[in-house]
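Novice: Provided below for reference: sequence and predicted model.
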Amino acid sequence: MKAERFRQAPPKTGRPTVTISRWKHFLTVFLSLIAVAAAALLPPALSRVRDQFSLPGVHLESAVPVTLEPDAALSLKEKLALICRMRQESSRMITSARELSKDEAAAVWESAKPELELMIKCGAFPAEYDFSLSAATQLTLVVYTDTEDLSQSVSIWNLSLAAPEGASDHYLSLSLDAETGRILEYSFTLPYDSSISIDSDEDAPYLLPLWENTAKGFGEYLGIDCQLNAASSSCPLEFSSKDKKIRYALYGDGVTDMRIILF
């Protein structure tokens, strides 16, 4: 009886028996899922890795702060030289103009009177000119810009004045630096006097000292050491700075009329 009891089959536990073929099936399905996932996810991952090596990286470094300074303002001499240069080479000059109101013209005229007083003291303007007989009639803002260097520009007030209707024929025209108020060019006409008869060409030998004093006085007013043209023995008289970058021409007899312009 004992021998037969030991030869009996083991009791069933109720658990299914998994065969080797079913394990192979599960393994095949699992590996297939991994292959599909790898095919979907691996290319983008590889692309990101490749980009990290091929594209330049961003490196943070300490930098010294830089302050941008505005363009330095031109000196009066530099402005005069710029106007002369652009008038000699008109192709490199841009000109823009804008007419302003009579009130603005009157204000500029008031600011120009002290400048004319300085010119009178320097001998560059006749003391006989009666300011009270002149009224501002027109003011134009003109901007000269160098096409080869647009940072080089000069703003000029062109002011025209005339005597009131019925008064004497005083006439005055001024070109002023809009920044400093300095007079850069001017022309004037004094009342006609029949007792004075002057011919700029015939009377040149007598008028030359007057022209020279006017030129030197105007140079003193502008702060320029003027040099007279040695060949000037008749009107117009030419004078310039020593380096020839600033050039002026003087027209008229200097007694009843005069015009001094840059060229």
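Specialist: Sure, I can see it.
Novice: Tell me how far residue 183 lies from residue 113.
Specialist: 11 Å (Cβ to Cβ, to the nearest Å). (Each C-beta comes from the backbone N, C-alpha and C, glycine too.)
Novice: How about residue 216?
Specialist: 23 Å.
Novice: more neighbours, the two?
Specialist: residue 216 (19 against 10; other Cβ atoms under 10 Å).
Novice: any idea how far that one is from residue 209?
Specialist: For residue 216, the distance to residue 209 - Cβ to Cβ - is 11 Å.
Novice: With residue 122 instead?
Specialist: 16 Å.
Novice: again with residue 258
Specialist: On the measure of Cβ to Cβ, residue 258 and residue 209 end up 14 Å apart.
Novice: Between the two, which has more neighbouring residues?
Specialist: Using other Cβ under 10 Å, the more surrounded residue of residue 258 and residue 209 is residue 258, with 22 against 10.
Novice: now residue 121, what's its secondary structure?
Specialist: helix (DSSP: H, G, I helix; E, B strand; the rest coil).
Novice: same check, this time on the one 5 residues further on
Specialist: Counting by three-state DSSP, the backbone at residue 126 sits in coil.
Novice: which residues in this structure form strands?
Specialist: Taking DSSP state E as the criterion, the chain contains strands spanning 93-99, 135-146, 149-162, 171-177, 183-189, 226-228, 237-241, 247-251, 257-262.
Novice: Enumerate every residue touching residue 214.
Specialist: 123-124, 250, 254, 258, 260 (Cβ atoms under 8 Å, 6 or more residues apart in numbering).
Novice: Narrow those to just the buried residues.
Specialist: 123-124, 250, 254, 258, 260 (16 or more other Cβ atoms under 10 Å).
Novice: so where's the chain uncertain?
Specialist: For the chain, applying pLDDT under 70 flags the ranges 1-72, 164-169, 191-206, 230-235, 254.
Novice: Which parts of it are helices?
Specialist: Secondary structure of the chain by DSSP state H: the helices cover 2-6, 20-54, 76-88, 102-122, 204-222.
Novice: what does stretch 122-130 contact?
Specialist: Contacts of stretch 122-130 (Cβ under 8 Å, 6+ apart): 116, 119-120, 168, 170, 172, 186, 188, 190, 213-214, 216-218, 220-221, 255.
Novice: PyMOL command for the buried members of those residues?
Specialist: Filtering those down to the buried ones (16+ other Cβ under 10 Å) takes a single PyMOL command:
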select buried, resi 116+119+120+170+172+186+188+190+214+216+217+218+220+221+255
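Novice: Let's have the buried ones among the contacts of residue 214 in TSV, adding distance to residue 143.
Specialist: Output for the buried ones among the contacts of residue 214, formatted as TSV (distance: Cβ to Cβ, whole Å):
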residue	distance to residue 143
123	31
124	26
250	26
254	31
258	27
260	22
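Novice: Looking at the residues you listed, which is nearest residue 134?
Specialist: Nearest to residue 134 among the buried ones among the contacts of residue 214: residue 258, at 15.3 Å, using Cβ to Cβ.
Novice: What distance do you get for that closest one to residue 211?
Specialist: In terms of Cβ to Cβ, residue 258 sits 9 Å off from residue 211.
Novice: and for the two, which residues touch both?
Specialist: residue 250.
Novice: ok, back up a step: make JSON lines from the strands of the chain and add distance to residue 128 to it.
Specialist: Below are the strands of the chain laid out as JSON lines (distance: least, Cβ to Cβ, whole Å):
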{"stretch": "strand 93-99", "distance to residue 128": "31"}
{"stretch": "strand 135-146", "distance to residue 128": "18"}
{"stretch": "strand 149-162", "distance to residue 128": "16"}
{"stretch": "strand 171-177", "distance to residue 128": "13"}
{"stretch": "strand 183-189", "distance to residue 128": "10"}
{"stretch": "strand 226-228", "distance to residue 128": "23"}
{"stretch": "strand 237-241", "distance to residue 128": "21"}
{"stretch": "strand 247-251", "distance to residue 128": "18"}
{"stretch": "strand 257-262", "distance to residue 128": "12"}
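Novice: can you list the residues that contact stretch 91-98?
Specialist: By Cβ under 8 Å, 6+ apart, the list of residues contacting stretch 91-98 reads 85-87, 140-148.
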